[in-house]
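>>> Fold the following and give me the result.
(2 chains)
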There are 2 protein chains.
Amino acid sequence: MSSLIVDSRDQRFVLHEMLGVENICRGRFESFAGDTFDMILTEAEKFAKEEIFPVLKDGDHQGCRLENGQVYGPEAFRKGYRLFCEGGWNAMMNHQEHGGQGFPMVLYLACADWFFHNFAFTMYPGLTSGAAELIESYGTEEQKHRYLPKMLSGEWGGTMCLTEAGAGSDVGALTTKAIRQPDGTFLIQGTKVFISCGDHDYVSNMIHPVLARIEGDPEGTKGISIFLVPKFRVNGDGTPGVHNDLGVTKIEEKLGLHGSATCVINFGDNGGCVGELLGKECEGMKIMFMMMNGARMGVGVQGLSGASFSYLQALEYARERLQGTNLLGKSNGSVPIIRHPDVKRMLLWMKSHVEAMRALIYFSGACHDRGEVSDNPEEKTKWNGLLEVLTPICKAYCSDMAFRICETAIQVYGGYGFCSEYPVEQILRDEKIGSIYEGTNGIQSLDLVGRKLGMKGGAYFMELIEEMNKVLNRYKDRCPDIVDDVYGAVESLVNTVLYFGQCGKDGKFAVPLVNAYPFLMMMGKVVSAWFLFWQAGIAAEKLSAMGVDTADRKALKARAKEDREAAFYAGKIAGAAYFIKNVLPEIEGTVKAIRREDMSILEIAEESFAS
Amino acid sequence: MSSLIVDSRDQRFVLHEMLGVENICRGRFESFAGDTFDMILTEAEKFAKEEIFPVLKDGDHQGCRLENGQVYGPEAFRKGYRLFCEGGWNAMMNHQEHGGQGFPMVLYLACADWFFHNFAFTMYPGLTSGAAELIESYGTEEQKHRYLPKMLSGEWGGTMCLTEAGAGSDVGALTTKAIRQPDGTFLIQGTKVFISCGDHDYVSNMIHPVLARIEGDPEGTKGISIFLVPKFRVNGDGTPGVHNDLGVTKIEEKLGLHGSATCVINFGDNGGCVGELLGKECEGMKIMFMMMNGARMGVGVQGLSGASFSYLQALEYARERLQGTNLLGKSNGSVPIIRHPDVKRMLLWMKSHVEAMRALIYFSGACHDRGEVSDNPEEKTKWNGLLEVLTPICKAYCSDMAFRICETAIQVYGGYGFCSEYPVEQILRDEKIGSIYEGTNGIQSLDLVGRKLGMKGGAYFMELIEEMNKVLNRYKDRCPDIVDDVYGAVESLVNTVLYFGQCGKDGKFAVPLVNAYPFLMMMGKVVSAWFLFWQAGIAAEKLSAMGVDTADRKALKARAKEDREAAFYAGKIAGAAYFIKNVLPEIEGTVKAIRREDMSILEIAEESFAS
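Numbers count the residues shown, from 1 in each chain, chains lettered A, B, ... in the order given. Below is the predicted model of the structure:
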């Protein structure tokens, strides 16, 4: 088992040759210009290989335990947690004025690509960083002063207490109460479930942002406020004080992420749990969604990182494992299994999906950053709009495809893939949650179809289409064998969106509703094809400058065998061709199905599902 | 968590209304005529609910352990194992003359549908039964007398020792030696890996059929023989004697099937491991394949059973779990999540896939039985040929789709699906191996495309097409809204096979080779659509006899709400319509991709996969 995690050449290709990230290193990101990106990524790679990857399995084996109300994380993570915080990796996107690193989002995502394959490990600092961002944005000066330094140093931890047993996807149904006290604080009473890293022993205090309803406030989401609820109340001098009447009553046994405790937390069983309002009353959902949008990108990059890791592990195995003889042509004895066409098919399928996901996630992060540094309000709106449209794709498409990539990695290993001796079975287990938390993928598809596509009268979506066509026009002569497929796919995408719009006008709301998830997956494929085409266009340009004729695939293969750079670019050409000619046609089935307007889903009685 | 495992109404529908299994109850299956099938299935249901389902989780938690060379299975399985054997369920397909039940294969598969959701449990008797079948077919009278009574009573266990560390998919590379002894026995020396139930404490002896090469025999598969190697040598009086110098040196830690030990077994470390030849010398592969074909059907029904269980569990959860309000129309407060269109989509997707798999597996079993009881050699050949063609689809399509159904079941549960409190995460883990063992799904697809399609000049495949068209013609007026889709899909299937044939003639062998797996999945979908159409046709006939107009979906739904039988048949209509209009169109992408003759998989240099 090796420490292959990310193809760093691909990472730099996306950042520099494709996205030109130097352009975002201005304004508040000015200090990241020049070599800074690459230097930071080199450090991230080093840290991932030395501290995070080596504890992947131990964290899974040791798991978490609850003893006398205290949760203990895996012993294997303790040292890495401390070093991660010392290195400032725990606060990558937090503002510099409070002790964060102030990274552009795309740089944070690129670092996460290295770290998140061991997602149980990175959840500890990740949750804290997210909670701290809420305080940075909505806290009073006093709250910032009280909480941020210790949270951003890693001395204290943070969570997000949202879900209740009866309020999962339906947040508005929550029943946790906040009782107003004369001193302006609130007494919190209720039980939250599925609280990741809800308690642990790597920190001396935990700060819980908790969604609750102030007594008398309206039902549903509009009556929800958010409170900061520390495990130990904070003394005047900033040290942890008395216990705040909250506690973990259970940690879940689960499929994966064993290194991270998923907690049930009771607040105020004895009437003594004090919280302070964050932001204004009844603004809880708005504030929570700030964290949620970041968390959805986090789930996307969790998928990317696990998929990238699984792919590279399977690739290495396929290069080393000898089994069977060559099916096309002669071989002396056994060959590495990468030579078998069906194994190579699985590897190329994984490669093209992983690299499309990387481009999608990094591009989306760069949209955020371009919005941040732009002085032009129109441009700002455009970049933020693209991020809005792409967020559900990053979250849902990447988490679902990541799981499938993990499945395929196991298949490449054969029987050994099923065994814990190799790491791919763990990654499969760890990744499964990605399609569920931070809004299930069904909810993501409703968000996309019901909200994002129509935002600003569809303008954000059309901006994306314009970006896609720009790239297609730029490289159409470089990749003549695949450009028409992608043009056609983009057109199908637009037509489907227009069709949904027409269905809405005709009162056929059910058509987009029952097809929301298939549409999201279709859009993920079209966007992936676009990114892969874009990359193939750049690669063709570079190869042409190296004197290679990309239309001559035999010559290209020969050159790839003797020149690493040519090999990389040739891989881009092959990956794009494979995806666009073999995977992209899948959208035609989706389009056809949508146009049928089949309503079987609604026509079937609940009684008909089983006797 | 309830004991919902199989929709028994669907089971009887397939057996009686669709396949008319009474027709196979003749010849050696005569004793199963009348009510016998249903009585046995009622007992199987009872046993599954009382003894097998209740130990599902305990078996997983307790797992297996190796102590001083002895493997111990989960304590939770001990009682069930004994009762299973006492009930004769351990020897369902073994011949009656040796103590087996002599079930028709379709009845065995229908019982397995009940049992195999707890596959770790059923592997113990299952492996023994398979090993006993080899002895029944190829053993001498003396061997039958020595081994069968104790194996079929469950007193002794059996395995299949095939794989070695360097010989997995490439069986011919095995290095286990058989050294001829003057008394006609052989000394066995070598190490086998991935031996399921390779040892356990539910039995007093283990009988290992072992593939090995007699010294001096040719390399590759043609020099392989098969030997019976007991753990304890058998005394003259049939009792276990001295230890036979073989032992388990390791059990694998793995993703799932924790209740079943996957063993490394060393044979003859001290030169004292005696085996006796089974069948003739160098016939090992032929004999092993008899077991393998049965095992592949077993993997198919493992997939079906796990998928059926996961679907019904998720369905029950979706009917009970209240969350969110109605998106289409009004609701007072929270509704069961089955009312949400995207949840209903997942359930209908699962239902249609599970029911198609059940039809496919039972139909294939009935082909076997029809071949068994037919007196007409031509007919015999036809039924056996259909089974040949369908076996790789049963194995590979069902195992891959089962995994996807398990994934979808988890998604229906949301966060609780990830938790071990509910059973679906375990089934996902247990099912993953199905795509790997008994020949990976990549190998199944090569078997289908490279061997089965062309058998007897393509006659078997064309027999299947004829069967399909017969059904389409019979019910075309009953289901006018979907019949053309299925006709078209069958035509696409035939054209693709002809196209592969033409590629072969043109020397383009790589086209079928790189597309073998996509083709297998495509064929699985077409066959599924055919079975679902068939079922919808029967259902429409029955509903019509009940006075229901199936074209009026509103009236159908209303009737389904008040009449269980109508509800069942209406479910068949909806499931077929959903699958044929929404899932079946996926094959168009596959056809298009195949026709592109894209060779990226072969054109990419191995160096281009990652830097």
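>>> Would you mind listing what in the stretch 451-600 of chain A touches chain B?
A:509-510, A:513-514, A:516-518, A:553-554, A:556-557, A:560-561, A:564, A:567-568, A:570-571, A:574-575, A:577-578, A:581-583, A:585-590, A:592-593, A:596, A:598-600 (CB under 8 Å from any CB of the partner chain). Heads up, the C-betas are built off the backbone N, CA and C, glycines and all.
>>> Out of those residues, which sit inside strands?
Assigned to strands by DSSP state E, none of these qualify.
>>> So how do I select the buried members of these in ChimeraX?
Buried residues among these (16 or more other CB atoms under 10 Å in any protein chain shown), as a ChimeraX selection:
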select /A:510,513,514,516,517,518,553,556,557,560,567,568,570,571,574,575,577,578,581,582,583,585,586,587,588,589,590,592,593,596,598,599,600
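>>> Mark which of the residues of the stretch 451-600 of chain A next to chain B are part of helices, please.
A:510, A:513-514, A:516-518, A:553-554, A:556-557, A:560-561, A:564, A:567-568, A:570-571, A:574-575, A:577-578, A:586-590, A:592-593, A:596, A:600 (DSSP state H).
>>> domain parsing for chain A?
Taking automatic domain parsing as the reference, chain A has its domains at A:1-439, A:446-603.
>>> Now name the helix or strand holding A:Val248.
With elements taken from DSSP states H and E, the one containing A:Val248 is strand A:246-251.
>>> And A:Ala167, its phi and psi?
Per-residue torsions, A:Ala167: phi -140, psi 90 (degrees, to the nearest 10).
>>> Check A:Cys419 too.
Note on A:Cys419: its backbone torsions stand at phi -100, psi 140 [degrees, to the nearest 10].
>>> so is the residue nearest to A:Lys382 when sequence neighbours are not counted in a helix, a strand, or just coil?
In this structure, A:Lys382 finds its nearest non-sequential neighbour in A:Glu463, 5.4 Å apart by CB to CB, 6 or more residues apart in numbering or on different chains. Look at A:Glu463: counting by DSSP: H, G, I helix; E, B strand; the rest coil, its state is helix.
>>> what bits of the stretch 1-150 of chain A have low per-residue confidence?
Along the stretch 1-150 of chain A, segments meeting pLDDT under 70 span A:1-2.
>>> how many neighbours does A:Glu75 have?
12 (other CB atoms under 10 Å in any protein chain shown).
>>> Next up, the contacts around it.
A:Gln62 (CB atoms under 8 Å, 6 or more residues apart in numbering or on different chains).
>>> What separation do you get for it and A:Glu421?
Plainly put, A:Glu75 is 22 Å away from A:Glu421 if you go by CB to CB, to the nearest Å.
>>> Also A:Arg474?
Counting by CB to CB, the gap from A:Arg474 to A:Glu421 is 47 Å.
>>> Likewise for A:Arg429?
Taking CB to CB, one finds A:Arg429 at 15 Å from A:Glu421.
>>> Those two: who's more crowded?
Between A:Arg429 and A:Glu421, A:Arg429 has the larger neighbour count (other CB under 10 Å), namely 22 against 14.
>>> In this structure that one contacts B:Lys254, no?
No - applying CB atoms under 8 Å, one finds A:Arg429 not in contact with B:Lys254, separated by 11.6 Å.
>>> Assess the claim that A:Asp549 and A:Ala555 are in contact.
Yes - using CB under 8 Å, A:Asp549 is in contact with A:Ala555, at 6.2 Å.
>>> A:Cys161 reaches A:Leu211, doesn't it?
Yes - using CB under 8 Å, A:Cys161 is in contact with A:Leu211, at 6.6 Å.
>>> In terms of packing, which of those two has more residues around it?
Between A:Cys161 and A:Leu211, counting by other CB under 10 Å, A:Cys161 is the more crowded of the two (28 against 25).
>>> where does that one fall, phi/psi-wise?
When read as degrees, to the nearest 10, the backbone of A:Cys161 gives phi -100, psi 100.
>>> Spit out the contact partners of A:Asn293.
A:Thr391.
>>> What helix or strand is it located in?
Applying DSSP H and E, one finds A:Asn293 within helix A:284-320.
>>> quick one: average pLDDT of that helix?
Averaged over helix A:284-320, pLDDT sits at 96.
>>> Skip the chain neighbours and tell me the closest residue to A:Ile52.
A:Asn118 (4.9 Å).
>>> So the one you found belongs to a helix, correct?
Yes - assessed with three-state DSSP, A:Asn118 lies in a helix.
>>> What residues sit buried inside stretch A:456-466?
Along stretch A:456-466, these residues count as buried under the neighbour rule (16+ other CB under 10 Å): A:Gly458, A:Tyr460, A:Phe461, A:Met462, A:Glu463, A:Leu464, A:Ile465.
>>> which other residues reach it?
By CB under 8 Å, 6+ apart, stretch A:456-466 touches A:382, A:385-386, A:388-390, A:452-453, A:455, A:490, A:493-494, A:497, A:501.
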